[in-house]
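A structural model of the following input is requested.
(2 chains)
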Amino acid sequence: MSEKTQEHWDIVIEPSQSWRDNFDWKQIRKYRDLMWLLVKRDVVAVYKQTILGPVWFFIQPIFTMAVYILVFGLIADLGTDNVPMPLFYLSGVILWGYFSTMLTTTGSTFITNQALFSKVYFPRVIVPLSLLYSNGLKFLIQFILFLVVFIFYAVKGQVSLGTHWYLLPLSVILMAFQGLAGGLIVSALATRYRDVNFLVKFGVDLLRYATPIVYPMSLLFADGSNETLRYIIMANPMTGVLDAFKVAAFDQSFVQPYFWETLLYSTGVTLLMLIIGIASFHKVEKKFIDTV
Amino acid sequence: MSKVAIEVKDVSKEYRLGVFGTGMLSTDIKRWWYKIRGKEDPFRLVTAENDRTKASESEFVWALRDINFSVKQGEVLGIIGRNGAGKSTLLKVLSQVTPPSTGSIKARGRIASLLEVGTGMHPELTGRENIFLNGSILGMNKAEIASKLDEIVEFSGCAKYIDTPLKRYSSGMKVRLGFAVAAFLEPEILIVDEVLAVGDAEFQKKAIGKMKDVSKGEGRTVLFVSHNMGSIRALCDRGLVMEQGKLAFDGPVDDAVKAYLSQANAEEVDLHLREDRVGRGDFRFKSIRFLNAEGEACSEVLSGQAITLQVHYELKKDLDPKKLIFTVNICDVYEQMVLSFISDEMGFVPAELVDGGMLELHIPALNLRGGSYSIRLFSAHGSTGADDLQDVIEQAATLDVHPSDFWGSGKTTRPMYSALCAGEMKHKNT
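Residues are numbered from 1 along each chain as shown, chains lettered A, B, ... in the order given. From the prediction side, this is the model:
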C-alpha cells in the first residue's frame, strides 16, 4: 500500500473554524434527492386530510385580494394606476406571500428542525433550499391564477403586457433570493437570540405596508406627498422588486421617477444579503446544536 | 492487514452548563470586547471534569476529554459507560452532528449514524413515502432506496400498511419501519446508539441478527453503544469503556465488560440522610455497599456471579444480639421481593453488636435475570411485629444485574425480573 492511499481520508471532522471554511457545494449535490423529498413532504403533507386539498393554495390569495379590494380599493380609495383592482392586488399578494413565508420558514430552520439536526448529519442548507423550491411551487400555482385573471382582463382590453416584460423573471428571482437570504440571516441570529423570530413574525406583517402592495407607487410621487415617507419606502429592498413586477406585467404608466435606481438598489441589497446570509448560516450550522 | 476505518485523535468536547439565553446580548458584547483586545474570555471559568454527581463551580464542562482510538475496517466496537459518561456525545461528534472542541476525526468511507430510529419521518406521509424520506436523510439516494424497497418492506413486516399514513402505525411498527430502513443502509461505517432497546423480543432478535450479518458477513465497521452487556458481548469484538468523558479502557470485549462492571463510583451508599425509614431506631443502618467476586466495590454485577453486601450500622442502645433479626430483600422495580435472606431462618446470630459494626451477606451465585433491582433492608429486635421493628429502609440501594448465559446454551437470559435456578427440560412419549 502506498503512502498516499494510506493518507486518503473521505471524512475529516475538526473543530469548527469560521465562515472562511469552504462551503461544501459537492455535498449539496450529493444530497439533492433528500432536497426533493423534503420539497415533496412540504407540499404533500400540508394539505393531507383536508377536504379542499391544494385548492387552499388559491383560496388564501383570493380572499386576501378580496379584502384588499374592499378596504384599500373601495373604502380608502388609494387607487391602482388604472390597473383592474383584482390584478393589482393579486400581484402584490402572491409576491409578498412568497417573500414572507420564505422569511419566516427559513428563519426558523434551526428551531423547527432541532430534533432532526441533533440526530443526523446532512448539509443543513438543504432545508432552506428545499423551502425555496416548495414555496416556489406554491408561488407557481398562484402565478397561474394571476395569469388566468390577467388573460381575462387582457381579452376585455383593460390591460396589456408592458414593454419591460423581461423584468418579470428578474423580479421573481429577486423576490425568491431576498426571501432566502433574509431567512438565512434570521435563522442564524435566531439560534442565539430567540427574540429575532418574534420580531420577524410581526415585523414582516408591518413591512408589507412599507412596500407598494396596497397602494401604487404613483401615490408617493403625487403632488404634496411626503418626501421622507417616499425615501423610507424606497429604502425597503422589496419595493424595487414589487415595482419591477408591476412594470413588467402591466404597462409603462408605472415607471415612476427613480424606478431604475430603486431596482438596481434592490438587486445590490439582495446580493449583499445573500452573501451575508450564506456566510452566517454556514458559521452557525456546525455549532448550533450546542447553543440552540 | 486491514486498513484503519476511523482514527480519533485527541478529541475533546466542551459544553456550557446551566441556563443560558438570558442577558446574552450584553455578555456577548463584553466577550467580543475582550476578544478584540486579545484578553481572555471573562466568562470562561476553569473547566471541570464531567462528574454529574458533584455540583460544579465552573460554567463549562468537558463532556469528552482527550479521546484517542482507532477502529480497523470490519471491526465491531462496543462503547459502554454509565449515563453521562460521554458515550452519546462521542457518537454525536463521530456522526458530525456537533463539532469537537479540539482534536480531529478521520474516516474512510461513508458514515451513517443511527442515533434514533425513524429520524425525520413525517406522520402524514405513508410508510412507503417515509422509507424514501428516512432513507435519504440517512444518506441514501433515491435509486438505492428504490432498489431495496421490497427488502425493506419485507424486513419491517409492515407490508400490509405500507400505503397507510405513518400516524396510524403503532409505535412498535414505526420502530420496525425505521430500523428496516437503517438495516439496508450500505455505509462503510455504521454508528448505532441503543436503538435496539425498543421493539418486542422477536424484533430485537431479528435486529441483533441483522447487525451481526452487517458486521461479520459484509465486513463493515460498526460502532455500537448499549447498556445491555449481553448484546455488547454478543456483537462486539472490542470494547471501549468511557468514564467521566475519558476513555477508561480499550480492549477485548469481555475485559471491557468486566472493567465497566467494576468501575469506580460504586462507593458506599450513605443511609444517614434517609428520612423515609420505619422503626424505633436503636439499631440503624448507616451505609451499604456491594463487593464483587474479586472483592472490589461495585454497583453492577453479571448474573450468576458472586456478590457480597456489607451493611454498616450504628447502635444507640445495647441490644441483645440473639434477638436481632436482620433481613436483606432483593426486589424488582415493582418492589416485589424476588429474594429474601432472613437471619433467624438462616440460623445466624451475630456474636456481639457494637456501634459502628458491620453485617455481611455473601451470595455465592446471584442467579437473577438482568434488570435493576433494589435492596430493602430490614431489622427488628425480638419479633417482626410492628412494635419491635428497629429500622426498615425501602430501596436502600440499587443493584444492576446484567444477563448472562445462565443455562450454558450460548444464549443470554431475557431481561425480566425473576430469579433463576437450575433445571432441565425433556420430552417423553407417554
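
Which positions in chain A make contact with chain B?
Contact residues, chain A versus chain B (Cβ under 8 Å from any Cβ of the partner chain): A:1, A:6, A:8-16, A:30-31, A:33-34, A:36-38, A:40-41, A:44-45, A:48-49, A:116-122, A:192-194, A:286-287, A:289-291. For the C-beta atoms, the positions are set from N, CA and C on the backbone; glycine is no exception.

Give the PyMOL command for selecting the buried subset of these.
In PyMOL, this line selects whichever of the residues of chain A next to chain B come out buried by 16 or more other Cβ atoms under 10 Å in any protein chain shown:
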select buried, chain A and resi 9+11+13+16+31+33+34+36+37+38+40+41+44+45+116+117+118+119+120+121+122+192+286+289+290
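
Next, check the residues of chain A next to chain B against the helices and list the overlap.
Applying DSSP state H to those, the entries found in helices are A:6, A:30, A:33-34, A:36-38, A:40-41, A:44-45, A:116-117, A:192, A:289-291.

what stretches of the chain score poorly on pLDDT?
You didn't say which chain, so I picked chain A. A:1-7, A:16-24, A:252-254, A:291-292 (pLDDT under 70).

my question was about chain B
Within chain B, the ranges that satisfy pLDDT under 70 run B:1-2, B:17-25, B:38-59, B:195-201, B:262-267.

where exactly do the helices run in it?
Counting by DSSP H, one finds helices in chain B at the ranges B:24-36, B:87-94, B:127-137, B:142-156, B:171-183, B:201-212, B:229-235, B:253-261, B:343-346.

Including distance to chain A and mean neighbour count, could those go into CSV?
As requested, those are arranged in CSV below (distance: least, Cβ to the nearest Cβ, whole Å; neighbours: other Cβ atoms under 10 Å in any protein chain shown):
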stretch, distance to chain A, mean neighbour count
helix B:24-36, 6, 12
helix B:87-94, 7, 24
helix B:127-137, 4, 24
helix B:142-156, 4, 16
helix B:171-183, 11, 23
helix B:201-212, 18, 16
helix B:229-235, 21, 22
helix B:253-261, 24, 20
helix B:343-346, 52, 14
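
As TSV, the ones you listed with distance to A:L131 would be great.
Shown next, in TSV, are the helices of chain B (distance: least, Cβ to Cβ, whole Å):
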stretch	distance to A:L131
helix B:24-36	27
helix B:87-94	25
helix B:127-137	16
helix B:142-156	20
helix B:171-183	24
helix B:201-212	35
helix B:229-235	40
helix B:253-261	45
helix B:343-346	70
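
For B:I191, find the nearest of these.
With Cβ to Cβ as the criterion, B:I191 lies closest to helix B:87-94 of the helices of chain B, at 5.7 Å.

what residues does that closest one touch?
A:13, A:118, A:289, B:6, B:8, B:11, B:13, B:15, B:63-64, B:67, B:79-81, B:98-100, B:105, B:111, B:113, B:115, B:191, B:193, B:223, B:225, B:242, B:245 (Cβ atoms under 8 Å, 6 or more residues apart in numbering or on different chains).

who touches B:G135 in this structure?
B:G135 is in contact with B:144-145, B:152, B:181, B:185, counting by Cβ under 8 Å, 6+ apart.

Which of these sits closest to B:I393?
B:V181 (47.9 Å).

Excluding chain neighbours, give the residue nearest to B:K13 in space.
Of all residues not flanking B:K13 in the chain, B:L64 sits nearest, at 4.1 Å (Cβ to Cβ, 6 or more residues apart in numbering or on different chains).

And the one you found, how close does it get to chain A?
Look at B:L64 and chain A: by Cβ to the nearest Cβ, to the nearest Å, they are 12 Å apart.

Report the contact partners of the closest residue to B:I80 other than its chain neighbours.
Distances taken as Cβ to Cβ, 6+ apart place B:Y260 nearest to B:I80, at 4.8 Å, with adjacent residues excluded. Each residue near B:Y260 by Cβ under 8 Å, 6+ apart is listed here: B:80-81, B:229, B:239, B:241, B:249, B:300.

coming back round to it: go through the helices of chain B and name the closest to A:Y98.
A:Y98 sits nearest to helix B:127-137 of all those, at 24.5 Å, using Cβ to Cβ.

Helix B:171-183 and that closest one, what's the angle between them?
40 degrees (axes from the mean of the first three to the mean of the last three Cα atoms, to 10 degrees).

For helix B:127-137, C-alpha coordinates in PDB please.
Extracted in PDB, the C-alpha atoms of helix B:127-137 (Å, rounded to 0.1, in the frame of the first residue of the first chain):
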ATOM      1  CA  GLY B 127     -45.000   4.100   5.100                       C
ATOM      2  CA  ARG B 128     -43.600   4.000   1.600                       C
ATOM      3  CA  GLU B 129     -43.100   7.700   1.400                       C
ATOM      4  CA  ASN B 130     -41.400   7.700   4.800                       C
ATOM      5  CA  ILE B 131     -39.000   4.900   3.700                       C
ATOM      6  CA  PHE B 132     -37.800   7.300   1.000                       C
ATOM      7  CA  LEU B 133     -37.600  10.300   3.200                       C
ATOM      8  CA  ASN B 134     -35.900   8.500   6.100                       C
ATOM      9  CA  GLY B 135     -33.500   6.700   3.800                       C
ATOM     10  CA  SER B 136     -32.400   9.900   2.100                       C
ATOM     11  CA  ILE B 137     -32.000  11.600   5.400                       C
END
